[in-house]
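S.K.: Kindly generate the corresponding structure for this input.
(2 chains)
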Amino acid sequence: MADSLTSASNGSPDDQSRRDFLLYASTAVGVTGTGLALWPFIHSMNPSADTLAMSSTEVDLTPIAEGQAITVTWRGKPVFIRHRTAAEIDAASQVTLTDLRDPESDETRVKKPQWLILVGICTHLGCIPLGQKPSDPRGEYGGWYCPCHGSVYDTSGRIRQGPAPANLAVPNYTFLSDTSVRIG
Amino acid sequence: MSSHKFENKVIQWLDDRLPIFSVLQHDAIDYPTPRNLNYWWNFGSLAGIMLVIMLLSGIFLAMAYTPNVNLAFGSVERIMRDVNYGWLLRYLHMNGATWFFVVVYIHIFRGLYYGSYKAPREVLWWLGLIIYLVMMGTAFMGYCLPWGQLSFWGTTVITNLFSAVPLVGDAVTTWLWGGFSVDNPTLNRFFALHYLLPFVLFALVFLHLVALHTTKSNNPLGIDVKGPQDTLPFHPYYTIKDLFGLGILLMFYLGFVFYNPNYFAEPTNYIPANPLVTPPHIVPEWYFLPFYAILRSVPDKLGGVIAMFGAIVIFFFLPWIDSSKVRSATFRPIYKQIFWIFVIDCLVLGYIGSQPPEGIMVPLGRVFSVAYFAFFPLLWVIGKLERPKPLPQSIAAPVLKGSHASHSDKPKEKA
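M.R.: Residues are numbered from 1 along each chain as shown, chains lettered A, B, ... in the order given. Model (predicted):
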């Protein structure tokens, strides 16, 4: 200890820069190492392997009659599957895009016109809009009506009235056959 | 308190209202530390760092764990297989308990060797013992949570210790369980307490540090600091020394985490708890083994429990049992020998505790348990009889003299 004290007091400028280099280099290594060590902790809060394995849902469409709608769960969220009538498809496709808050044509929102598949979560603050059951209020445009803050969606799930900023989201899905669809 | 003045006006403004910066300056940077501390003095800060690692890994594990008898075991397996880096968090936590105890045991024996429990540090010593007791409780309850066979039967055996208490024993045990046996209510409360107690530990460590910074650190010579020539500022001298020690500790700790994570674990605990079948050989975690050996050595239920708890409680009286005024074993030739005998006795008791209580292990356990308790009266007698070596004038004196007269800077050799 006594030795190191004396050598520190009469260190040359050369020694000083060497010390600085060692200090900065070891600080950099220490900070980087600590940062890397924190990543496993943060990542452990991301969806786990078993959660990700549950990320797609297959639905059999045969029991859904024209004009009917069902709600399925996908990644813990409700997904609306509506077997649209010809009138509903017409109503959706004849809208002028400039009238819409979030302009999207009906064709871009469906893969087969009779099957409308949407994430059933209001884009305002996350409530589930009404309109799946025949007894539900469907709003002025015959689609869905959100009871929380009064957003109104049309038969393509596009926002028409109320505070919601965007259309009901369309999830990724693939038709496995004419009567079966995989969501996610 | 805020005698220190800071260049930065924002820091000064805040410090005038809440003195965090001047407290840090005073207790983590300027703190005058004896200049002769050796590497045995690393283990206090290492224990603190282990506590932080255990808190962190435990909090993140709790986010994925389910304290229910039907789900607990499965949720731990899910952590191991499905949760991102769950295996790492769990192995850090499991092996962290082991290395936390390794570090704390070395820290305690350091205190024993250098007489750190003697006046004026009695309260510091007590706080350390309370920390140790709370640590043992926390570790015990944590071991229950994976709900494997040893979790269940370890919990059953240890909680049954309380049934040895006369009159109220059974009522106390039922109260601990929240039922008629170890079951869901027990698991729920153990989880709640296992989450709570580390924060209690954190508060106790804070008090331990306040007591330490009031009485100041002991040192290998065991003599008081006489002035500034005997000390160094804590930063950078001891921050760097502690960080170096941390590097060594992490090599051992992470070596086990990554290369032999189940070395300290019992395979039996990977079998889900079954209240109808006791595993053939129940052993506690290694850090409880010496006390387990003492428990088994007394052929009486209540007597065994008293001996086991007494083996720790007796340490609270150590400042008065040890009759010597000299702190460091460096200057106490006889104490130094019985100290090492005591260390070996604890290790042997640990080994005996790990073996089935059959054959030679039973008499051996009794001999070494008696030796354990004999250490304390012997400490009192030796303090009276022993002739300590002459103490150096001050911490700095032998060092400064040593630099004049060649290399003989060891005070004990000059005497």
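S.K.: pull the longest helix from chain A.
M.R.: Criterion DSSP state H: the longest helix present in chain A is helix A:13-43.
S.K.: Does the next helix-or-strand element following that one reach chain B?
M.R.: Using DSSP states H and E, the helix or strand that follows helix A:13-43 in sequence is helix A:49-53. Yes - applying C-beta under 8 Å from any C-beta of the partner chain, one finds that helix A:49-53 is in contact with chain B at A:49, A:50, A:51. Every C-beta, even on glycine, is put in place using the N, C-alpha and C of the backbone.
S.K.: Which of those sits closest to residue B:185?
M.R.: Minimum distance to residue B:185 across these is 28.2 Å, recorded for residue A:50 (C-beta to C-beta).
S.K.: out of everything not next to it in sequence, what's closest to that closest one?
M.R.: Spatial nearest neighbour of residue A:50, chain neighbours left out: residue B:82 (4.1 Å); criterion: C-beta to C-beta, 6 or more residues apart in numbering or on different chains.
S.K.: The helix or strand encompassing residue B:107 - what's its average pLDDT?
M.R.: For residue B:107, the element it lies in under DSSP H and E is helix B:86-113. Averaged across helix B:86-113, the pLDDT comes to 98.
S.K.: C-terminal to it, what's the next element?
M.R.: helix B:122-144.
S.K.: So which elements touch that next one?
M.R.: Secondary-structure packing of helix B:122-144 (3 or more C-beta pairs under 8 Å, 6 or more residues apart in numbering or on different chains; DSSP states H and E): helix B:86-113, helix B:149-160, helix B:184-215, helix B:301-313, helix B:318-321.
S.K.: tilt between the first one and helix A:13-43?
M.R.: The reference is to helix B:86-113. 130 degrees (axes from the mean of the first three to the mean of the last three C-alpha atoms, to 10 degrees).
S.K.: Who are the packing partners of helix B:86-113?
M.R.: Applying 3+ C-beta pairs under 8 Å, 6+ apart, one finds that helix B:86-113 makes contact with helix A:13-43, helix B:43-62, helix B:72-81, helix B:122-144, helix B:234-259, helix B:333-354.
S.K.: re the thing from before, show me what the longest helix of chain A is packed up against.
M.R.: Using 3+ C-beta pairs under 8 Å, 6+ apart, helix A:13-43 sits against helix B:43-62, helix B:86-113.
S.K.: Now the terminal residues of stretch B:306-321, how far apart.
M.R.: End-to-end distance for stretch B:306-321: 19 Å, by C-alpha to C-alpha, to the nearest Å.
S.K.: hmm, I was thinking of stretch B:11-28
M.R.: End-to-end distance for stretch B:11-28, by C-alpha to C-alpha: 17 Å.
S.K.: Show me which positions of it end up buried.
M.R.: Neighbour counts over stretch B:11-28 (16 or more other C-beta atoms under 10 Å in any protein chain shown) mark B:15, B:19, B:21, B:22, B:25, B:26 as buried.
S.K.: Quick check: phi and psi on the closest residue to residue B:234 other than its chain neighbours?
M.R.: Using C-beta to C-beta, 6+ apart and skipping the chain neighbours, the partner closest in space to residue B:234 is residue B:31 (4.0 Å). When read as degrees, to the nearest 10, the backbone of residue B:31 gives phi -40, psi 110.
S.K.: so what's the residue nearest to residue B:146 when sequence neighbours are not counted scoring on pLDDT?
M.R.: The spatially closest residue to residue B:146, leaving aside those adjacent along the chain, is residue B:76, at 4.6 Å (C-beta to C-beta, 6+ apart). We note a pLDDT of 97 for residue B:76 in this prediction.
S.K.: what about the residue of chain A found nearest chain B, how many residues close to it?
M.R.: Nearest residue of chain A to chain B, counting by C-beta to the nearest C-beta: residue A:40, 3.6 Å away. When counting by other C-beta atoms under 10 Å in any protein chain shown, one arrives at 17 neighbours for residue A:40.
S.K.: do residue A:66 as well
M.R.: Per other C-beta under 10 Å, the neighbour tally for residue A:66 reads 11.
S.K.: Could I get the contacting residues of it?
M.R.: When contacts are counted by C-beta atoms under 8 Å, 6 or more residues apart in numbering or on different chains, residue A:66 touches A:83, A:84, A:85, A:114.
S.K.: Which residues of chain A lie near chain B?
M.R.: Counting by C-beta under 8 Å from any C-beta, the residues of chain A close to chain B are A:1, A:2, A:40, A:41, A:43, A:44, A:45, A:46, A:48, A:49, A:50, A:51.
S.K.: Once you drop chain neighbours, what's closest to the last one?
M.R.: It refers to residue A:51. Nearest to residue A:51 is residue B:82, by C-beta to C-beta, 6+ apart, at 7.6 Å.
S.K.: circling back: pull out the buried members of the contacts of residue A:66.
M.R.: Using 16+ other C-beta under 10 Å as the burial test, the contacts of residue A:66 include A:83, A:84 as buried.
S.K.: Now do the domain split for chain A, please.
M.R.: For chain A, automatic domain parsing gives the domain ranges A:2-44, A:52-183.
S.K.: Let me see the mean pLDDT of the shortest one.
M.R.: It stands for domain A:2-44. 81.
S.K.: same question, the longest one
M.R.: Domain A:52-183 shows an average pLDDT of 93 in the prediction.
S.K.: repeat for stretch B:149-158
M.R.: For stretch B:149-158, the per-residue pLDDT averages 95.
S.K.: Let me see the ranges of the helices in chain A.
M.R.: For chain A, the helices defined by DSSP H occupy A:2-9, A:13-43, A:49-53, A:86-93, A:106-109.
S.K.: one step back: out of the residues of chain A next to chain B, who's the most crowded?
M.R.: Scoring the residues of chain A next to chain B on neighbours with other C-beta under 10 Å, the highest-scoring entry is residue A:44 at 20 neighbours.
S.K.: Please name the residues that touch residue 122.
M.R.: I went with chain A, as the question did not name one. By C-beta under 8 Å, 6+ apart, residue A:122 lies in contact with A:128, A:129, A:146, A:148, A:149, A:151, A:164, A:168.
S.K.: that answer is for a different chain, and I need it for chain B
M.R.: Counting by C-beta under 8 Å, 6+ apart, residue B:122 touches residue B:319.
S.K.: Distance of it relative to residue A:131?
M.R.: According to C-beta to C-beta, to the nearest Å, residue B:122 and residue A:131 sit 75 Å apart.
S.K.: since we're on residue 165, how many residues are nearby?
M.R.: As the question left the chain open, I've gone with chain A. Count around residue A:165 with other C-beta under 10 Å applied: 10.
S.K.: Actually, chain B is the one I wanted.
M.R.: That count, for residue B:165 with other C-beta under 10 Å as the rule, works out to 15.
S.K.: Check the one 5 residues further on too.
M.R.: Number of residues near residue B:170 (other C-beta under 10 Å) recorded here: 12.
S.K.: Just the CA coordinates for whichever strand or helix holds it, please, in PDB.
M.R.: Taking DSSP H and E as the definition, residue B:170 sits inside helix B:169-177. Output of helix B:169-177 as PDB, limited to C-alpha atoms (Å, rounded to 0.1, in the frame of the first residue of the first chain):
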ATOM      1  CA  GLY B 169     -46.900 -26.700  20.300                       C
ATOM      2  CA  ASP B 170     -49.700 -28.300  18.300                       C
ATOM      3  CA  ALA B 171     -51.700 -25.100  18.200                       C
ATOM      4  CA  VAL B 172     -48.700 -23.200  16.900                       C
ATOM      5  CA  THR B 173     -48.000 -25.800  14.200                       C
ATOM      6  CA  THR B 174     -51.700 -25.700  13.100                       C
ATOM      7  CA  TRP B 175     -51.500 -21.900  13.000                       C
ATOM      8  CA  LEU B 176     -48.300 -22.000  10.900                       C
ATOM      9  CA  TRP B 177     -49.900 -24.400   8.400                       C
END
